[in-house]
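Chemist: This is the structure alone, sequence omitted:
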């Protein structure tokens, strides 16, 4: 219901923007969405972006690349594809190991407990290395999550508290993405075993939406359409479960 | 000296049998041939046997030669002195303190001493290592026990030399004729001494304290080498030929039962041998096994997997109503109404009515778990007509009783050996886990080890009870407390033993009835409530919450008056004096931890002194400076007096930390200064955990915590940079040491938190309201 | 399928479930009971051993991870309890109940092997995974500093 209202209101935008200033249009939109009980998306696109109907999907599912064919303009389609992919990238299962500080996150963005630190090589400190506890797979009788090469993304790849555009720019930047070309990024997204863990987290952890194959397809389509980055302040396309509620990590709430 | 740690763990398995359970333990040593076993004891000292060398148990017919005046001491012709430690070692260091006590009194050379752990046997007297009582209850008797042996050795030497015994002394494993300097070794004297009549305990005099070499000093930790090399045998380290390991799925709600279960998947797990339903306990639960379904397997891994594969449906029963928040509301209702009066001095209601000012507050402390690092575990083997148990039990005699009951056998057919305890804090004096092992050993006709997981330990504990308290004080125009009313409501320990759910004098003696404040009108009332969980005793028990309320409340009075809490506390205590009369306290009975009030009065002078000492040591006059604040608390418990000052700061992330602490204890005459200090250090950390984070909560009758991710404990990074311990030198009779350090810790921290943040915490843990 | 592990210097061939955690392999199969069970969830550190010199929590580490590699337990830290940490532990009378201490020492040994003179912060960070319910932390710190030669 909310998504439909959203698209309907987006449909209203061109008229509104033609008649009103973009700022007022956004405020009007925000007010309408607020009144309808929707979360106001921060400015998703520039005021010149045409509204496009996307299929409604449950939180756990990812839209397929062909759903984005409705965006006739290539760059627009590319941005929208990244917006969809960022539903995975900014999900807790991914963000928790892309913290912006020296402490990994766990569950819904809480500081890792027992207390651990990034260490000199993103693999922990002596006696508390990531692989002191984490194995190459989840365990039958223990809740400790596991995947091959368990470690923290370097600080240059911090995603916690960032918007989709920042994540996009970092992913594309060979100086900050481990020297990867765009095809290598696609391969990483599609096949990396640690990335794969996001969909098979084990225990009661909520997996990232969709599947690695679907995510990989989105990333491939994004690259194929020119790897455009969304506007500043962009958030993933639909409200997520598992996004850290605060921009800044906090300790366990009382 | 030779210091045995009962069972050497089996070394690496023979190369060709990688899956074999490994080596076996039980070859009785010559010690089992001692009189000790003839008296009906099985003194446990088990040497580990090489696989190829495993012999049948040696016949225990002939007594080992030498002097053995009682079950505790044996002196061999070789000069070796065997001492029995009959109390359980759980970290308090009794296995160091007791041998030194005996050796000092006897005059033995510690290098010639061998320590063995006593089995559960009435011949040793009380073995319930609980209530901080090992030294305080039996200090004089234990000295006389050793003095008996000394006097016989001296008598034998004196007889040989034709001199008066009073001219001889015993030292370093020798008797010395002081005037001539002649010596005879204990070994040389042992046989002759054994032929002399043993004097009665009342007839022997302990030697003058000035002759004691070790007692009262900081003593070495005799088992340290075993601990640091992994050779100390704890409960799960005991390995018996053919032993199976059981892990039990227990009803999530107390009183719940198995509705149905399907063992098929469990039995399909490789290594699983049996799936057995446990007997259903009936209230009152006491120490009965908890019920449920046991998976018995070749090794722990198989048993754990098997339990996971069990398909059990539970019928939860009546205690499924138990929900912590709602129960707290019920407790609150109770303390807002008059309860049963257990203490009454003057006319508190009238005095409160006339008071110039009134201060009132309510305090809540949740259920607390024991969570020893070693979860409960027990090994049992029932052969034909004898059952042998190995367990980390605080109370081997009770374990023996429970094991016999579980078997339906007389106690004489059961032997309980005591291993090292990996922490206990009261959990392991309950013999439920022993009964479980015995039941399964009998059922499977194999030796069985019942291993509790951490989840089992946290979810099936005998929790320290949950309480709500109300304190009301009436102050006169000068701010002095003239009326003091304390209401406390909790389901008492009695609920696990019978239908009674009213706290009584035996419960309130812990911190309320013995709170010897100098106030003319004092009243204490208690209210009870049904329990929905097994309640038990945890290190200092009710003192934890009574001390929390009283010391927090004094701080609140100080706050109301704009006064120094230390001054208010000392004014409340009144002048130094010893209270020996029940009338003075306004009570009709005071258990006084089992001691006569005459010998162990309520000594307000000693309580004042620990407060004065700890505040001086901590620089109390500068108590709020440089971004940190101090908090104070003090308490009498187990006949000792302790005061704590905690320093609290905010760290760089704005999280509250205890960065330093001071703790002063007056425990009367102490055995082992180092272990007193370590108990105080440990109490500080233990108290921090319960003050800051760790609570047990229930929903639908089920415990919500299951492991250390949701039952948080202090880790090294949170430990204060320094814990300053001060032990008062005293000639007073020994008081307790294991527990008295704990009660003042949480209120000292809460008071420091108030001083630093202006926020008053009346509910533990502090993490409910603040970032810690 | 056999797993080959060198344990405390001795090559062992083990026919066990490759997913069996090393803790149970050590304790139940091999009788090396110095390494303890405390939580089974890598939260308490009582099960700490070294895998090729690195601290691992053996309660969560499957046996197959040690295949072809070398494992050191408390029993193998020194032949006779003479490791400087063991000596310092005894001298400072660190243990109370003793149950956690093998794990504490193993972690501390790994720390000192890489950081011979750790700072107080490094000690706290590296030992953060080892719980002690008896509260011996201040003595653990002192013993590590002593063994490292930081304190006389």
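Modeler: Nice, thanks for sending it over. Keep in mind that this is a model prediction, so the values were computed, not measured.

Chemist: Give the bridge partners for residue B:488, please.
Modeler: With DSSP bridges as the criterion, residue B:488 is bridged to residue B:469, residue B:526.

Chemist: Could you tell me the end-to-end distance of stretch A:118-137?
Modeler: 21 Å (C-alpha to C-alpha, to the nearest Å).

Chemist: Show me the contact partners of that stretch.
Modeler: A:101-104, A:114-117, A:144-148, A:150-155, C:42, C:54-57, C:60-62, C:65, C:107-108, C:110-111, C:114-115, C:122, C:125-129 (C-beta atoms under 8 Å, 6 or more residues apart in numbering or on different chains). Every residue, glycine included, has its C-beta placed from N, CA and C.

Chemist: Up against chain C, what does chain A have?
Modeler: Within chain A, the positions lying close to chain C (C-beta under 8 Å from any C-beta of the partner chain) are A:114-117, A:125-129, A:131-133, A:135-136, A:139-144.

Chemist: Now list the buried members of the residues you listed.
Modeler: Neighbour-count burial (16 or more other C-beta atoms under 10 Å in any protein chain shown) is assigned, among the residues of chain A next to chain C, to A:114-117, A:125-129, A:131-133, A:135, A:139, A:141-144.

Chemist: ok, for the residue of the stretch 101-250 of chain B found nearest chain C, nearest residue in space, not its chain neighbours?
Modeler: Taking C-beta to the nearest C-beta, chain C has its nearest neighbour within the stretch 101-250 of chain B at residue B:230, 2.0 Å off. Leaving aside its sequence neighbours, residue B:230 sits nearest to residue C:34 (C-beta to C-beta, 6 or more residues apart in numbering or on different chains; 2.0 Å).

Chemist: who touches that neighbour in this structure?
Modeler: Residue C:34 neighbours (C-beta under 8 Å, 6+ apart): B:9, B:229-231, C:73-75, C:102.

Chemist: Quick one: which of those residues has the lowest pLDDT value?
Modeler: Within those, the minimum per-residue pLDDT falls on residue B:9 (31).

Chemist: okay, and for the stretch 101-250 of chain A, where does confidence drop off?
Modeler: Residues of the stretch 101-250 of chain A that meet the criterion pLDDT under 70 lie in A:238-250.

Chemist: rewinding a little: could you report the neighbour count for the residue of the stretch 101-250 of chain B closest to chain C?
Modeler: Counted with other C-beta atoms under 10 Å in any protein chain shown, the neighbours of residue B:230 add up to 25.

Chemist: Was I right to think it contacts residue C:76?
Modeler: No: with contact defined as C-beta atoms under 8 Å, residue B:230 does not reach residue C:76; the gap is 9.4 Å.

Chemist: Give me the nearest residue to residue B:492, chain neighbours excluded.
Modeler: Excluding its sequence neighbours, the residue lying closest to residue B:492 (C-beta to C-beta, 6+ apart) is residue B:503, at 4.5 Å.

Chemist: Do you have the helices of the chain handy? List them.
Modeler: Because you didn't say which chain, this covers chain A. A:2-19, A:22-35, A:74-89, A:92-95, A:130-133, A:164-172, A:182-191, A:193-196, A:212-224 (DSSP state H).

Chemist: wrong one, chain C
Modeler: Using DSSP H, helices in chain C cover C:22-24, C:74-77, C:84-91, C:101-114, C:120-126, C:137-147.

Chemist: Would you reformat the ones you listed as JSON lines and include distance to chain B?
Modeler: Below are the helices of chain C laid out as JSON lines (distance: least, C-beta to the nearest C-beta, whole Å):
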{"stretch": "helix C:22-24", "distance to chain B": "4"}
{"stretch": "helix C:74-77", "distance to chain B": "4"}
{"stretch": "helix C:84-91", "distance to chain B": "4"}
{"stretch": "helix C:101-114", "distance to chain B": "5"}
{"stretch": "helix C:120-126", "distance to chain B": "4"}
{"stretch": "helix C:137-147", "distance to chain B": "4"}
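
Chemist: Let's have the ones you listed in CSV, adding mean neighbour count and distance to residue B:644.
Modeler: Compiled in CSV, the helices of chain C are given as follows (neighbours: other C-beta atoms under 10 Å in any protein chain shown; distance: least, C-beta to C-beta, whole Å):
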stretch, mean neighbour count, distance to residue B:644
helix C:22-24, 27, 37
helix C:74-77, 24, 34
helix C:84-91, 22, 27
helix C:101-114, 26, 25
helix C:120-126, 19, 23
helix C:137-147, 24, 15
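
Chemist: Check the nearest residue in space to residue C:118 that is not next to it in sequence and give its pLDDT.
Modeler: The shortest distance from residue C:118 to any non-neighbouring residue, by C-beta to C-beta, 6+ apart, is to residue C:111 (5.8 Å). The confidence metric pLDDT takes the value 98 at residue C:111.

Chemist: That concludes my questions; thank you for your assistance.
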